[in-house]
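*Asks:* structure for this input, please:
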Amino acid sequence: MSLQRRKDGKIHTSWHEYKVFNVSSYLYIDPRRRRTTTEFLTFSSGAGIDNDKWFLRLSFDHSLYSETWVAVQFNSVSKKVATRGYYSIYIVDNKKNEIFVGRRPEYFKGHHIHEIIHFLKRNSASEKEQFLINDTLTIRLQLTLFLDDITPLPADEIIELYPKADLPDNFKELYKTKEVDGDIVVQVKGKTIRVHQDVLNIRCPKLLNVLVSNQTKKDSLIVFDMDPKVFEKLLEFIYLDQVTDLDDHIVSLFGEADKYELKVLKRMCEKSLSEDFLTVENAQTIYDLAARFNSHELTGYIVMFLKFNVRETKGPKSLDDRRG
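*Replies:* Next up is the predicted model:
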């Protein structure tokens, strides 16, 4: 099975930063006053559309029963705006890392204030230490506007990559020399490929077990069920924790990652399928792949994606049932 990468639409993305000082003055409980809001940050996206003026502010919850302190409020200043897009919120921590908070796709029409998910847990001292630097909270907003009528809205969650593995320093050199000094010889549909047993034992013992079980003679192993190019890409990931041209073999690598329990590679495939391939037209195909390869994150993403992009559904039954 092959999938076509989604054509790039006409979009405009801008970044905006908002600092809230003296945050501790907002962090209190008062049953008589449920919320306090900060002053507006107003800005233009620079997209060149009509009524291009937006606002951002924070809302602090003072309710006794709320588990979180802060919510983000965002929308257009103008009631006349009419465009599609999404905004993503990040909070900057004490190491200057951007930590994803949430994303919201929207049909921006009128002046309705939208809230994204709440964050900063009320009783978490570690979160306050991590995010309140000198009593200042720094928020970054990524605003993406669609300047066409064909680009689909994303779901309101993202599929986040796992952290890269801390590989031994010599793996990169071993990858370069594996065809010379690899101690396992693999015959993949007529092509001979060498690999280091120790590397497989560390990074993918399940693949090593499969190779050993298919051993035909002392120094030769054979793999029956994999395209040589896909096997090479799999080894590239095992040695280097990355894959060049992932999208060219996305379906095969997705399946092999699930089969050999390579969760980082599997997540890379899930993210690419959700962001670079998924359309309303191929949603059922990708949903079926995700279900076959036990990807609950991707199946859930597709259901939410369709809720944002399909008003009247007459699509495949398995997805219609979940959208109902």
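*Asks:* need the pLDDT of the nearest residue to Phe60 once chain neighbours are set aside.
*Replies:* Closest residue to Phe60 apart from its sequence neighbours, by C-beta to C-beta, 6 or more residues apart in numbering: Tyr26 at 4.0 Å. (Glycine included, C-beta is placed from N, CA and C.) Looking at Tyr26, its pLDDT is 86.
*Asks:* can you count the residues close to Tyr26?
*Replies:* Neighbour count of Tyr26, defined by other C-beta atoms under 10 Å: 19.
*Asks:* the one 5 residues further on too?
*Replies:* Applying other C-beta under 10 Å, we find 9 other residues in the vicinity of Pro31.
*Asks:* is it in a helix, a strand, or coil?
*Replies:* coil (DSSP: H, G, I helix; E, B strand; the rest coil).
*Asks:* give me phi/psi at it?
*Replies:* Dihedral angles of Pro31 (phi, psi; degrees, to the nearest 10) stand at phi -60, psi -20.
*Asks:* hmm, it is touching Tyr65, no?
*Replies:* No: contact criterion C-beta atoms under 8 Å: Pro31 and Tyr65 do not qualify, at 9.6 Å.
*Asks:* show me the contacts for the closest residue to Leu240 other than its chain neighbours.
*Replies:* Among residues not flanking Leu240 along the chain, Tyr175 sits closest, at 5.9 Å (C-beta to C-beta, 6+ apart). Tyr175 makes contacts with 235-236, 239-240, as judged by C-beta atoms under 8 Å, 6 or more residues apart in numbering.
*Asks:* mind listing what the residue nearest to Phe60 touches?
*Replies:* Neighbouring residues of Tyr26 by C-beta under 8 Å, 6+ apart: 20, 36, 38, 60, 69.
*Asks:* just curious, which of these is nearest to Leu262?
*Replies:* Nearest to Leu262 among the contacts of Tyr26: Trp69, at 38.5 Å, using C-beta to C-beta.
*Asks:* A strand includes that closest one, no?
*Replies:* Yes: the assignment for Trp69 by three-state DSSP puts it in a strand.
*Asks:* quick check: the gap between it and Ser24.
*Replies:* 11 Å (C-beta to C-beta, to the nearest Å).
*Asks:* neighbour count winner among these two?
*Replies:* Neighbour count, other C-beta under 10 Å: between Trp69 and Ser24, Trp69 has more, with 23 against 9.
*Asks:* is the more buried one in contact with Asn123, as I believe?
*Replies:* No: contact between Trp69 and Asn123 fails when scored by C-beta under 8 Å: they sit 10.0 Å apart.
*Asks:* next secondary structure after the helix or strand hosting the residue nearest to Leu240?
*Replies:* Secondary structure assignment for Tyr175, by DSSP states H and E: helix 171-181. The first helix or strand that comes after helix 171-181 along the chain, using DSSP H and E, is strand 184-188.
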